[in-house]
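Visitor: For reference, the sequence and a predicted model appear below.
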Amino acid sequence: MTIPTGKCCHRDYIRYCCSGIPVCDDQVSGNTTVEKVVFEREPCSTPWNLSACMEGYYSTNGVDILPCPSGYFCEANSVCLKPCPTGAYCVQNILAENSSVCGGFEKCCLPAGTAPIFNGYTNSLSCPGQFYPERCLEGYYCPNTTTRLGCPAGHFCRQGSQQPVKCMAISSCGEGEVSPNTLYVGLIINSCLLGAFFLVLLYFNNRRSFHFYFDLYFRRIRGTRKLSQRYNLKDGFRLAISRLGLSNHSEDDETSVRKDSYNISFEKLSLTLTSGENKGKVLLQGVTGEINAGEVTAVLGPSGAGKTTFLNVLCGKAYYGDAGGRIKINGKKVSGIQDYKSLTGFVPQ
């Protein structure tokens, strides 16, 4: 017999199912119609209430009283069948005559464990069927509405499960488990992953400060200090102040600072555009001066005077034109400050 899925009735019971419930597709094909049983009068209306109107029973002709079959449930004040939904466990109770399993009583209905009811139609004791869809118990899984299996080892089954769920690698599950038991190693791994996530988040939120202090302390110790090109003005001032503060140290420190100092001089710096509409235009010409170590040098001038152009030529970044002049660091001629990237930094305004 086909087990109902909760949306349709088996062909053997379709005539007795409540209205609006279709027959299962694999039982009747095409546009086949099924005639529902019709009673002469309303079976569950006073004063003609049938015994079948009790919960757990249904009727096929308005006279008989039949227990609700497996896979269906029968509500009170109704004599029709309803298929149990998926994830439920609905089986017909069986009359047992054993006081050891009936709690001291001679007879009982199993598996519900309830007392039997006297059936006036059959003139005998009978057990009602399911009167509500009972969800599959915890620790079990119900692949269909009439089968209940214990949850196997390595899996867990919550209430209403249709299939067992496999435990994760960091969990353990014995037979009949309701939820996975997380191992201590799993807690450690999860804690490490969570900590790593927060460290990465902290780094990205403070990466400028991180690079600044890394370059300031660690690379200075290793002698390969390379300043970041992403410093903001605040970081640049902090670095300049920390350098100037070295002048208050002992004479040995001053000697060390002077030994590692660099003087920059430039003569007749010029720049001529080599592309665009203004090709051949001279933007900078005849700029001469020097920048001494241990001093703060400022470039002043009104807007458009060429301050940025001058710095671009000095740093070797004037790619848009033909630069001229001589640049020397500690008396040694260089093509630009870019030759000393590991010793210099540029802070944009």
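Guide: All right, it came through fine. Residues are numbered from 1 along each chain as shown.

Visitor: what's the following helix or strand after the helix or strand harbouring Phe198?
Guide: Phe198 belongs to helix 184-205 when assigned by DSSP states H and E. Scanning forward in sequence from helix 184-205, with DSSP H and E defining helices and strands, the next element found is helix 207-213.

Visitor: Run the chain-centre distance for that following helix.
Guide: On the basis of CA atoms, centre = their mean, to the nearest Å, helix 207-213 is displaced by 30 Å from the centre of the chain it belongs to.

Visitor: what does stretch 109-116 give?
Guide: Counting by CA atoms, centre = their mean, stretch 109-116 comes out at 46 Å from the chain centroid.

Visitor: first vs last residue of that stretch, how far apart are they?
Guide: Counting by CA to CA, to the nearest Å, you get 6 Å between the two ends of stretch 109-116.

Visitor: can you check stretch 132-151 too?
Guide: 24 Å.

Visitor: Same check on stretch 44-54?
Guide: Separation of the first and last residues of stretch 44-54 by CA to CA is 9 Å.

Visitor: Could you report the pLDDT at Glu138?
Guide: Note for Glu138: predicted pLDDT of 94.

Visitor: Which strand or helix spans it?
Guide: Assigning secondary structure by DSSP H and E places Glu138 outside every helix and strand.

Visitor: Next, find the distance separating it from Arg158.
Guide: 6 Å (CB to CB, to the nearest Å). In short, each C-beta sits where N, CA and C put it, glycine included.

Visitor: any common contacting residues for these two?
Guide: Contact criterion CB atoms under 8 Å, 6 or more residues apart in numbering; residues bridging Glu138 and Arg158 by contacting each: Val178.

Visitor: how far out from the middle of the chain is the helix holding Phe198?
Guide: Average the C-alpha atoms of helix 184-205, do the same for its chain, and the two points are 15 Å apart (CA atoms, centre = their mean).

Visitor: So which elements touch it?
Guide: In terms of contacts (3 or more CB pairs under 8 Å, 6 or more residues apart in numbering; DSSP states H and E), helix 184-205 is packed against no helix or strand at all.

Visitor: Mind listing residues that contact it?
Guide: For helix 184-205, the surrounding residues in contact (CB under 8 Å, 6+ apart) are 168, 170-171, 210.

Visitor: try stretch 90-103
Guide: By CB under 8 Å, 6+ apart, the residues outside stretch 90-103 that reach it are 67-73, 84, 105-114, 116, 125-130, 133-134, 145-146.

Visitor: quick check, nearest of the contacts of helix 184-205 to Ser270?
Guide: Ranking the contacts of helix 184-205 by separation from Ser270, with CB to CB as the measure, puts Phe210 on top at 40.1 Å.

Visitor: How about the closest one: what's its closest non-neighbour residue?
Guide: Taking CB to CB, 6 or more residues apart in numbering as the measure, Phe210 lies nearest to Tyr203, with 6.0 Å between them; neighbours along the chain are not counted.

Visitor: Over to Leu137?
Guide: Gln159 (6.7 Å).

Visitor: mind listing what Pro22 touches?
Guide: With CB under 8 Å, 6+ apart as the criterion, the residues that contact Pro22 are 7-9.

Visitor: Go through stretch 276-295 and flag the buried ones.
Guide: If you call a residue buried by 16 or more other CB atoms under 10 Å, then stretch 276-295 has these buried ones: 283-284, 287, 291.

Visitor: hmm, who's touching that stretch?
Guide: Defining contact as CB under 8 Å, 6+ apart, one finds that stretch 276-295 is touched by 247, 257-258, 261-273, 297, 306, 309-310, 313, 320-321, 325.

Visitor: cutoff 6 Å now
Guide: Residues outside stretch 276-295 that contact it (CB atoms under 6 Å, 6 or more residues apart in numbering): 261-265, 267-273, 297, 306, 309-310.
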